[in-house]
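**Student:** Predicted structure and sequence below. I'll ask about it afterward.
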Amino acid sequence: MNFFVSCAKGLEYLLADELSALGLAKATATIAGANAEGDLAQAQRVVLWSRLASRVLWPLAEFDCPDEQALYDGVHMMPWQDHMKPEMTLAVDAHVSGDKITHARFATQRIKDAVVDRMRSEGLERPSVNTDLPDIRINLSLRKGRATISIDLGGGPLHRRGWRGAAHEAPLRENLAAAVLLRGQWPRLHAAGGGLLDPMCGSGTLLIEGALMAADVAPGLMRHGSLPPSRWLGFDKDSWKALLTEARERETAGLAALKPVVFGSDIDPLAIAAARENAEVAGVAHAITFTRADIDDLPAPPLEIGTVVCNPPYDERLAADPALYRRLGDALQKAVPQWRASLLCGDDELAFATGLRAGKKYQMFNGALECALIVCDPIAVPKRDPAVPRELSEGAQMVANRIRKNLKKFKTWRAREQVTCFRAYDADLPEYAAAIDVYQEDGGKGRTFLHVQEYAPPATIPENDVRRRRNELLSAAREVFQVPPEQVALKSRERGKGGSKYGRFERRDEFLIVRENNALLRVNLFDYLDTGLFLDHRPLRRTMAEQIRGKHFLNLFCYTGVASVQAAVAGAASTTSVDLSATYLQWCYDNLALNGQGGNQHLLVQADAMAWLEADEGLYDVIFCDPPTFSNSARAEDFDVQREQLRLLRAAVARLAPGGVLYFSNNFRRFKLEENAIAGFATCREISPRTIGPDFERNARIHRAWELRAL
């Protein structure tokens with residue numbers, strides 16, 4: 001008989017191998033499962049012994065099903081009195097595709113109606129429905145107008161082993177845990193005398209599944225006790241009893257021989273308590289040593305070989321802390337460098353953040369979440385000879401070559417102007433659409449950091465291609481600048497409702513000290529979309545600093561106050577910095593203090609810049625006004641730079657001292673300056689070209705700038 005065994009996506013080939021090992025004549029991987037060939041007794045063996053399967057579906061009938069009436073008729077024709085007794089309960093699961101029957105819920109209802117009506121037509125009582133623990137579970141698969149009605153031999157999801165009582169947060173499903181263990185070659189390493197380690201064990205799923213696997217305990221043995229998993233009248237009870245007898249004998253022998261070679265740790269005491277409770281119920285507590293420990297203090301097991309398995313934390317959006325993944329990689333290299341690791345990471349970026357070298361990578365699905373399983377053997381990353389270039393893919397090599405070309409082009413300019421923070425790459429190759437900014441630490445360890453901002457990809461580009469190109473670009477950048485993963489800040493755009501948007505940010509609260517135009521500045525590359533330093537305004541800030549000595553400076557919409565700090569360092573008589581954000585003003589204060597600047601001559605004002613400017617009566621020699629394109633806040637009026645430009649510029653020009661100059665800039669691509677109206681109160685000339693540095697020439701429209709003077 002041909003029957004279907006379902007599994008989570010990504011496990012199909014492992015499942016086909018497992019089914020062959022269980023004695024099936026034929027097993028062929030297909031989408032989310034395997035087509036198997038064998039008799040009913042073999043199918044029931046799969047129910048009891050498969051560690052990877054989700055369901056075992058034994059077909060009863062197959063028929064053409066162009067519409068819902070055909071579905072009802074096809075099910076009604078089946079002799080349900082041969083499959084169930086009237087006092088039994090039933091449940092129906094349905095998986096439908098096509099344009100005729102589109103709702104699985106509707107299909108399940110029509111099947112229930114057909115079964116009940118057929119039983120009543122035979123003069124029998126109507127069976128009742130029990131969706132939780134039915135006596136018989138019916139399954140519909142409808143594809144390309146063809147319906148298959150099957151019995152779910154396992155009576156429900158097979159990942160439920162029966163030992164889980166205490167759960168900690170979102171536990172990993174047991175069949176996915178089994179796949180992680182198999183990819184880590186745990187059975188082979190256990191047979192060779194190796195150990196098993198999970199340094200972030202949570203409620204213990206991976207460790208308990210691994211111990212049961214090592215003890216040769218059938219995964220379905222605890223699921224139903226002595227009862228058959230299905231009360232379908234066609235179920236071979238004698239065969240099932242024989243399977244149970246064999247499984248119990250193997251369990252007794254396996255648990256007795258199981259050695260205490262399984263180790264788990266977690267920083268959360270509640271997780272450790274839950275794991276111990278689950279291990280007790282599963283009968284393997286004697287073989288597992290649980291320790292409460294931070295990942296940085298990971299104890300090394302007393303075994304030379306073994307498998308590390310781990311599912312580091314991430315949420316339903318695959319958001320996680322890459323720094324934690326890096327700590328995990330470092331801890332494993334220190335504790336068990338010669339072991340094999342099988343790590344189920346949130347995605348490719350998080351896998352990359354571990355710093356480990358994956359020999360193999362597999363796509364798996366934890367529920368609906370697509371994850372990356374990496375296998376490292378051994379865990380230890382070979383020390384790289386700096387003289388030997390790292391092997392890059394063809395695409396990554398192209399990006400690396402372009403970055404090196406840009407660095408050569410910028411070399412003389414950077415040396416002449418002492419530029420240490422600059423843009424090294426700006427979508428020079430259109431298919432690798434990102435900007436790479438370099439931040440050189442001033443003092444300290446003199447480290448180089450990279451800030452990578454991904455541009456929104458066209459909706460027509462498949463997500464897999466987007467990820468591949470992103471990884472190639474990161475590999476190229478790390479190779480050129482020789483920086484470790486923890487010194488690369490990636491701002492990645494992710495598709496979501498309303499179009500493409502930036503995804504998660506880290507929360508390191510880590511500030512880096514850099515230097516620009518003789519001023520020290522604090523930047524934060526990881527926690528915010530912007531870093532605290534707009535690199536494109538470097539030339540304009542230099543221009544203002546060169547003319548400010550002994551003069552009064554006003555910085556409107558000051559952000560982190562970089563222009564104010566550089567003016568203060570250059571000898572300004574006073575600076576006034578205005579912004580609505582207390583966070584940015586504190587940042588500005590810290591930047592001033594870092595340069596030994598402070599006191600009454602450097603004023604910080606938390607206010608709506610427009611309202612403050614119209615109320616102010618001071619005069620300033622140099623005014624810098626770089627407003628946002630749009631702004632809305634509960635504490636201020638909505639602001640639109642296109643709409644408010646005349647009001648803003650008129651008020652700013654009115655605050656110019658005799659001979660003073662206003663520098664006005666914004667980055668709204670469609671901005672149009674109303675020059676005729678401005679001519680009534682100021683002279684104006686555009687200076688955009690001379691405010692764009694060599695590193696932004698490819699993106700010269702990143703901002704526009706004007707110089708205004710009062711009439």
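**Tutor:** That came in fine, so what should we check first?
**Student:** Next up, phi/psi of the residue of the chain most remote from its centre, please.
**Tutor:** When distances to the mean C-alpha position of the chain are computed (CA atoms, centre = their mean), the maximum falls on residue 123, with 57.2 Å. For residue 123, the backbone dihedrals are phi 80, psi 20 (criterion: degrees, to the nearest 10).
**Student:** What is the burial count for residue 277?
**Tutor:** 17 (other CB atoms under 10 Å). Yep, even glycine has a C-beta here, placed from its N, CA and C like the rest.
**Student:** Check whether residue 120 really touches residue 126, as I assumed.
**Tutor:** Yes: because the distance of 5.5 Å satisfies CB atoms under 8 Å, residue 120 is recorded as touching residue 126.
**Student:** tell me what the helix or strand hosting residue 646 is packed against?
**Tutor:** Per DSSP states H and E: residue 646 is located in helix 641-653. Helices and strands touching helix 641-653, by 3 or more CB pairs under 8 Å, 6 or more residues apart in numbering; DSSP states H and E, are helix 609-615, strand 620-625, strand 656-666, helix 675-678, strand 704-710.
**Student:** okay, the first one in CSV with CA atoms only?
**Tutor:** Output in CSV follows, covering the C-alpha atoms of helix 609-615 (Å, rounded to 0.1, in the frame of the first residue of the first chain):
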residue,chain,number,x,y,z
ALA,A,609,12.6,74.6,16.7
MET,A,610,10.1,76.6,14.7
ALA,A,611,8.2,78.0,17.7
TRP,A,612,11.4,78.8,19.6
LEU,A,613,12.9,80.5,16.6
GLU,A,614,9.9,82.8,16.1
ALA,A,615,10.0,83.7,19.8
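**Student:** Quick one: mean pLDDT for that helix?
**Tutor:** Across helix 609-615, pLDDT averages out at 95.
**Student:** go on, the third one?
**Tutor:** In this model, strand 656-666 has an average pLDDT of 97.
**Student:** likewise the fourth one?
**Tutor:** Averaged across helix 675-678, the pLDDT comes to 94.
**Student:** following the lowest-mean-pLDDT helix or strand in the chain, which helix or strand shows up next?
**Tutor:** Within the chain, no helix or strand scores below strand 499-502, which has a mean of 43 by mean pLDDT, DSSP states H and E. With elements assigned by DSSP H and E, the helix or strand that comes after strand 499-502 is strand 512-516.
**Student:** tell me which residues in that following strand are buried?
**Tutor:** By 16 or more other CB atoms under 10 Å, the buried positions in strand 512-516 come out as 512, 514-516.
**Student:** Same question for stretch 451-460.
**Tutor:** 451-454, 457.
**Student:** As TSV, the residues you listed with distance to residue 80 and secondary structure would be great.
**Tutor:** Formatted as TSV, these follow (distance: CB to CB, whole Å; DSSP: H, G, I helix; E, B strand; the rest coil):
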residue	distance to residue 80	secondary structure
451	65	strand
452	61	strand
453	61	strand
454	56	strand
457	52	coil
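**Student:** Looking at this protein, which helix is longest?
**Tutor:** helix 394-417 (DSSP state H).
**Student:** who touches it?
**Tutor:** Identification of contacts with helix 394-417 by CB atoms under 8 Å, 6 or more residues apart in numbering yields 392, 419-420, 422, 424-425, 428-429, 431-432, 436, 468-469, 472-473, 475-477, 479-480, 542, 694-695.
**Student:** Go ahead and build a PyMOL selection from the buried members of those residues.
**Tutor:** Buried members of these, defined by 16+ other CB under 10 Å, are picked up in PyMOL with:
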select buried, resi 392+419+420+422+424+425+428+429+432+436+469+472+473+475+476+477+479+480+542+694+695
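**Student:** Against residue 374, how distant is the residue farthest from the centre of the chain?
**Tutor:** Computed as CB to CB, to the nearest Å, the residue 123 to residue 374 distance reads 61 Å.
**Student:** Look at residue 251 and say how many residues are nearby.
**Tutor:** By other CB under 10 Å, the residues close to residue 251 number 18.
**Student:** Model confidence score at the closest residue to it other than its chain neighbours, please.
**Tutor:** Spatial nearest neighbour of residue 251, chain neighbours left out: residue 217 (4.8 Å); criterion: CB to CB, 6 or more residues apart in numbering. Per-residue pLDDT puts residue 217 at 97.
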